[in-house]
Each structure stands twice: as C-alpha cells, then as structure tokens.
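**Q** Have a look; sequence and predicted model below, questions after that.
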Amino acid sequence: MTMEKRESLATSLGFLLVSAGCAVGLGNVWRFPFVVGQNGGALFVLLYIVFLLIFGLPMMTAEFAIGRAAKRSLATAYPKLAANPGVFRSISKFQVAGNWLLMMYYTTVAGWMLAYPVAILSGWFSFEAPKDFFDAFVSSGSAQFLWMGLVSLIGFGVCALGLEKGVENVTKKMMALLFLILIGLCVYVLTLPGAGAGVSFYLKPSLSVLHGPQARPLFNIVLDALGQSFFTLSLGIGSMSIFGSYTSRKYTLAGESAKIIGIDTIVALLSGLVIFPACFAFGTQPDQGPKLIFITLPQVFAKMGAVGSWIGAVFFTFLALAALTTVIAVFENIVAMTMEKRQCTRHGAIRRNAPLLVLLSLPCAFGFGILKWIQPMGANTTILDLEDFVVSNLALPLGSLAILIFCVSRRYWGWEKFLQEANAGRGLRLSGKLRWYITWVLPGVMIFVFVAALLDKFGLL
C-alpha cells in the first residue's frame, strides 16, 4: 500500500500550538516546580530562562530547519539533505528509538495525571493519606494498565483523525483549555493569605540559597538549570522536526522557535505561580522533590476546606492536558516516521504501532507492583527511573548534539544551507555572526551538560 499524500498544518497558529503542546508537558508541570523548589526559587528560574534563550532557541531552530527543508521526519530527513549522510543513517535509528522509549514511560505517568481528577471527584482519592493512595494506585497492575491504555488510546485516536482534523484541531482546543484552567488557578491561589511569600520565593532572586543549612552550591544550581532547559523542550529525537516538516516557509524558524519557547516558559512559570504561593499559604515546604505534585500538593488542597477537592481536580485536569498534548505530538512523530519508512497509510501506521507501544509500556506500568523487584539503577529505583535516565541523560542531549553537527558541518548539510532555511520567511533571523557560537560553543556546552549529569547521577560530582 502506498503512503498517503503528505499532509500539512492548516494555520501558523496551529503550528505554534501543536509544537508548543509537544514542549509543554511533564517537564513544565511536574519536573520544573520541584527542581525550582530544590534549588531555592528565583535564582534558578532566572538562570533557566537565560539558558532557554541562549541554548534552547538555536537548538530548536536547527531541529525545525531539518524538518522543513527535507519535508520529512528525522527517520528519513538526513539522506535527503546530505549527499553522503554517513553515520547519520544510524543516528536516525537511535533518535527514532528515543521517541519510543520516551512514550514507554510517559504514557504511564500521563495516566496518573488522568486518573487523579477522576479519583478526587469520585471520592476514591484520600486527601488525608495521599501517600497511601499514591502507593496503592501505582502498585495496582490493573489500574496502571487501564490508565496507560486509555492515554495510548486517546493519543492514537487523535492521530487517526488526521493531522489537521485530529492533531492540530484537538491540540489547539486542549492548549486553550489548559491556559484557561491555569490562569483561573493562578487568580485563586494568589488571593490566599500568605501567598505573597511564595511569590517572593519564586520570582525575587536572592543569593540566600547559597548560604545556611539548606545551602545549594551555585555550580549545582547552574547545572540543574541547564539540564532543565534541555529537558523541557524535548529536543534531539525529532518530535519538533516533524512539525517543521508540516509548516510553510512564511515565517523564520528562529522567530517561530522564540514564540514556542515563550509559550512553554509561560506555562512553566504559571505552574509555579499556582504551586509555590499555595505551599507557602498553608505552611508547606516546596523542596519536596518528585513527590511534590502527587503527595505534597494534595495535602495543601486538603487544607483549603470544601473547595480543596474542586481545586485539586481542576489542577490535575490541567496536568493531564499538558501531558496529553505531548503524547499526541510524539505519537504523531512515531506515526509519520512509520509512514515514511514503511510507505503505508496513517491508519496502517497506527495499526502497526499502537499494540506494540502498549506492550512495550507494560514494564514501566507494572514497575511499581509485580515488577518492583527490578531495581536497575540501585536500591529503591524502578524501571521508570532507568527509562527516564536514558531519555533525559542520553537520547535528548546526544540527539541534539547530532542535529547541531549535521546542520553546521560542511561534510553533511552545512552552515550556509542551514542558515538559509532557518531565515526563510518573515521574522527573527539568525545572524551569520553566530556561526562560531553554534558550531563550537553550543556543542561544547551540551557535552558538558551530558558528562556532568552522568557524573552527578552516579555520585561522582
């Protein structure tokens, strides 16, 4: 069966919101708040925003440029842009695998987000003992399979409707609802007595985090801010380049990237404006790590009285929307890659991928229950920890490094062709004077982040 005619996004707004929907996800609404809390608040936030601009912007532009120039996903783009892609034929396979590995655990965590509002509104959730609820929920194999399967069904179901009617249309509505919920939560939380202290912690930079019993070394804060800036945009595995392949040359890619990073950052910042003022208003410490969302915040909602359950349900609905936009975007990338490689239709690609992805997601889904004896990274670690480590510390940074090398190296695509594609259209342009920075400085920073993160992970830093 031959592949369907290549689709395209209907509007520039659709491109922005679908791409932003891919970037907006667990990195913004789960990881960002607890990393901010662990690193003392506003100083980390300031560094994070700076790193997004000087590192995230050129990297996103490069990934979009490959997709738009080739009109292909990363699975098949390299040979079209370079006469002799060489090692990039193999690199593309690892980048394709990165999408699969990301979804093998992302669907499980997204299932948690989807289950929580249902559990809260139905009375299934216990505000008095959120840790007991969470532990029982994640250890239930049937519950994990149900919610992971539902997330997968929603993701592939939207993709089955097509790019314009499904992915673009649904994501635009999800993003609009996400912002409405987020703004509403911010307005409510900021009116709580004592919320101002949380705002100051979050948005007023201070060096106090470098001193005292809870001091955090500046080097570690910088490293975490660098790592978060890479993680939140999900660059390096082609989940952005696919939407570059669907868009026109009406606008420059640096300009579009700046808008997408802006949307992504606004969601992250607004998430913090919900979480930190709420924590301070009810005397809860925000440095609770990964359990902040699922265990600490429900304790805060419980202190809000009768309205707390509704606020909690709305908050987790927001989290679910953020997670689902990423699932839909990455599923679309997987489907498009299969259509190109196998020369099949969209529905044929979904039939190939959906059962396999659910099957490969089972180890993570069962990793807190019947498979909890598997502790691949040491005591008290899970399969999710291993999969997240491989994606966050290996696939994303190394995939981004490969994309940069492909774009700037004369042996492959080359700086001139990359710059011409990136600057086609109206809007913010990349200056030719940035060549040395993008060719040498940016890859060097990425290698540093990669090595430092590995050393830190294994306690060698």
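**A** Happy to help now that I have it. Residues are numbered from 1 along each chain as shown.
**Q** ends of stretch 36-43, how far apart?
**A** With Cα to Cα, to the nearest Å as the measure, the ends of stretch 36-43 fall 9 Å from one another.
**Q** number of nearby residues for the residue lying closest to residue 387 once chain neighbours are set aside?
**A** Residue nearest to residue 387 in three dimensions, not counting chain neighbours: residue 105, with 4.4 Å by Cβ to Cβ, 6 or more residues apart in numbering. All C-beta spots, glycine's among them, are computed from the backbone N, C-alpha and C. When neighbours are counted by other Cβ atoms under 10 Å, residue 105 registers 26.
**Q** dump the residue contacts of residue 105.
**A** With contacts defined as Cβ atoms under 8 Å, 6 or more residues apart in numbering, residue 105 is in contact with 361, 364, 383, 384, 387, 388, 391.
**Q** do the same with residue 92
**A** Counting by Cβ under 8 Å, 6+ apart, residue 92 has contacts 74, 75, 76, 77, 78.
**Q** a markdown table please, covering the contacts of residue 105 and showing pLDDT and distance to residue 339.
**A** Converted to a markdown table, the contacts of residue 105 look like this (pLDDT from 0 to 100; distance: Cβ to Cβ, whole Å):
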| residue | pLDDT | distance to residue 339 |
| --- | --- | --- |
| 361 | 98 | 22 |
| 364 | 97 | 26 |
| 383 | 96 | 30 |
| 384 | 93 | 29 |
| 387 | 93 | 25 |
| 388 | 88 | 28 |
| 391 | 90 | 23 |
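**Q** of those, closest to residue 439?
**A** Checking the contacts of residue 105 against residue 439 with Cβ to Cβ, the nearest one is residue 391 at 26.2 Å.
**Q** Run through the residues that contact the closest one.
**A** The contact partners of residue 391, by Cβ under 8 Å, 6+ apart, come to 98, 101, 102, 105, 237.
**Q** For residue 119, give its distance to residue 137.
**A** In this view, residue 119 and residue 137 are 8 Å apart by Cβ to Cβ, to the nearest Å.
**Q** looking at this protein, which helix or strand does the model trust least?
**A** Here the helix or strand of the chain ranked lowest by mean pLDDT, DSSP states H and E is helix 26, holding a mean of 75.
**Q** what helices or strands is it leaning on?
**A** Here helix 26 is seen to pack against helix 88-122, helix 308-342 when contacts are counted using 3 or more Cβ pairs under 8 Å, 6 or more residues apart in numbering; DSSP states H and E.
**Q** Now render the ones you listed as TSV, adding distance to residue 460 and mean pLDDT.
**A** What follows is the helices and strands packed on helix 26, written out as TSV (distance: least, Cβ to Cβ, whole Å; pLDDT from 0 to 100):
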stretch	distance to residue 460	mean pLDDT
helix 88-122	24	95
helix 308-342	31	94
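**Q** In TSV, list these along with distance to residue 129.
**A** As requested, the helices and strands packed on helix 26 are exported to TSV (distance: least, Cβ to Cβ, whole Å):
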stretch	distance to residue 129
helix 88-122	13
helix 308-342	14
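**Q** Pick the most buried one from those helices.
**A** Among these, ranked by average contacts under mean count of other Cβ atoms under 10 Å, first place goes to helix 308-342 (a mean of 23).
**Q** Can you name the element that comes right after that helix?
**A** Moving toward the C-terminus from helix 308-342, the next helix or strand (DSSP states H and E) is helix 346-365.
**Q** Run the chain-centre distance for the helix or strand just after that following helix.
**A** Helices and strands here follow DSSP H and E; after helix 346-365, the next one along the chain is helix 383-390. For helix 383-390, the separation from the chain centroid amounts to 15 Å (computed by Cα atoms, centre = their mean, to the nearest Å).
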